[in-house]
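# sequence first, then the predicted structure, then my questions.
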Amino acid sequence: MLTIAPKFIQTDETELVLLTRAEFDSLLALAQDAEEDAADRALYDARKAEMVQHHSHLPQDVCAMLLRGDRLIKALRKWRGMTQVQLAHRAGLTQGYLSDLESGRRSGTKETLQLIAEKLDVDPSWLI
């Protein structure tokens, strides 16, 4: 627990607070941690809202992966216990192309997404 023993100095114009450097550094670290926590909560809330709006029908494990930041195809592939190489081979795609789809560098055609959905044994509407 942080113990702070500030000294207060009153001037004619204002009141000043005197802290040791260690106390100041501790307070600054706490403020930075709180800011980071708030940013993490905001990101989690945004992802959860997006998931509820667009993916409310997905399995809980897939939703959890989406909340952690995985993209949908990657989350579904992991959920099915497949590697990129395995899924790419089954779908007749290159591993590099599948990697681009999973990372969002490419979006994929409707036909490609339907084929991936088929190989993952999921409803195509989950990907399209």
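Sure thing, it's come through. Since we're looking at a predicted model, the values are computed, not measured. Residues are numbered from 1 along each chain as shown.

# only C-alpha atoms from now on, for both contacts and neighbour counts.
Fine.

# in the longest helix belonging to the chain, what counts as buried?
Longest helix in the chain by number of residues, with DSSP state H as the criterion: helix 21-54. Buried residues in helix 21-54, counted by 16 or more other CA atoms under 10 Å: 23, 44, 47-48, 51.

# single out whichever of these has the smallest pLDDT.
Among the buried residues of helix 21-54, Met51 carries the weakest pLDDT, at 62.

# for Ala88, give its distance to Gly96.
9 Å (CA to CA, to the nearest Å).

# check contacts around Pro124.
Listed by CA atoms under 8 Å, 6 or more residues apart in numbering, the contact set of Pro124 reads 113-114, 117-118.

# tell me which two of those sit farthest apart.
Leu113 and Glu118 (8.5 Å; CA to CA).

# return the helix or strand in the chain with minimum mean pLDDT.
One helix or strand of the chain scores below all others by mean pLDDT, DSSP states H and E: helix 21-54, with a mean of 84.

# can you list the domains in the protein?
Annotated domains of the chain cover 21-54, 58-126 [automatic domain parsing].

# can you list the ones you listed in a markdown table and add distance to Glu15?
What follows is the domains of the chain, written out as a markdown table (distance: least, CA to CA, whole Å):
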| stretch | distance to Glu15 |
| --- | --- |
| domain 21-54 | 17 |
| domain 58-126 | 46 |
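
# tell me which of those domains lies nearest to Leu2.
Judged by CA to CA, the one of the domains of the chain that comes nearest to Leu2 is domain 21-54, at 7.4 Å.
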